[in-house]
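>>> got a structure for you, letters missing:
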């Protein structure tokens with residue numbers, strides 16, 4: 001993103017690189033989702049399916 005982009009002038013805008021999601025909280029939540037998906041799959045009720 002060009003440094004002259006108007007978004008940089010807004011005090012209520014936070015711009016992060018693509019890896020901005022990678023927080024401790026996000027990692028923890030992701031691991032919870034993985035465990036839930038494995039349990040559901042083993043129970044014959046898979047979740048979060050993509051067609």
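The structure has been received and is ready for your questions. Model, not experiment: these values are computed from the prediction. Numbering: from 1, shown residues only.
>>> quick check: buried residues in stretch 32-39?
Buried residues in stretch 32-39, counting neighbours by 16 or more other Cβ atoms under 10 Å, are absent. C-beta here means a position set from N, CA and C on the backbone, and glycine is covered the same way.
>>> mind showing which ranges of the chain have poor pLDDT?
Applying pLDDT under 70 to the chain picks out residues 20.
>>> where along it do the helices fall?
Assigned by DSSP state H, the helices in the chain fall at 24-42.
>>> quick one: contacts for the residue positioned nearest the centre of it?
Residue closest to the mean C-alpha point of the chain, counted by Cα atoms, centre = their mean, is residue 21 at 5.2 Å. Neighbour list for residue 21: empty [criterion: Cβ atoms under 8 Å, 6 or more residues apart in numbering].
>>> change it to 10 Å
Neighbouring residues of residue 21 by Cβ atoms under 10 Å, 6 or more residues apart in numbering: 27, 30.
>>> phi, psi for the residue lying farthest from the centre of the chain please.
Ranked by distance from the centre of the chain (Cα atoms, centre = their mean), the top residue is residue 4, with 27.7 Å. As for residue 4, its main-chain torsions (degrees, to the nearest 10) stand at phi -90, psi 0.
>>> for it, give its distance to residue 11.
Distance of residue 4 to residue 11, computed by Cβ to Cβ, to the nearest Å: 17 Å.
>>> just residue 2 next, same as before
Distance from residue 2 to residue 11, by Cβ to Cβ: 19 Å.
>>> same question, residue 45
In terms of Cβ to Cβ, residue 45 sits 46 Å off from residue 11.
>>> of these two, give the one with the bigger neighbour count.
A direct count of neighbours by other Cβ atoms under 10 Å for residue 45 and residue 11 places residue 45 higher, at 8 against 5.
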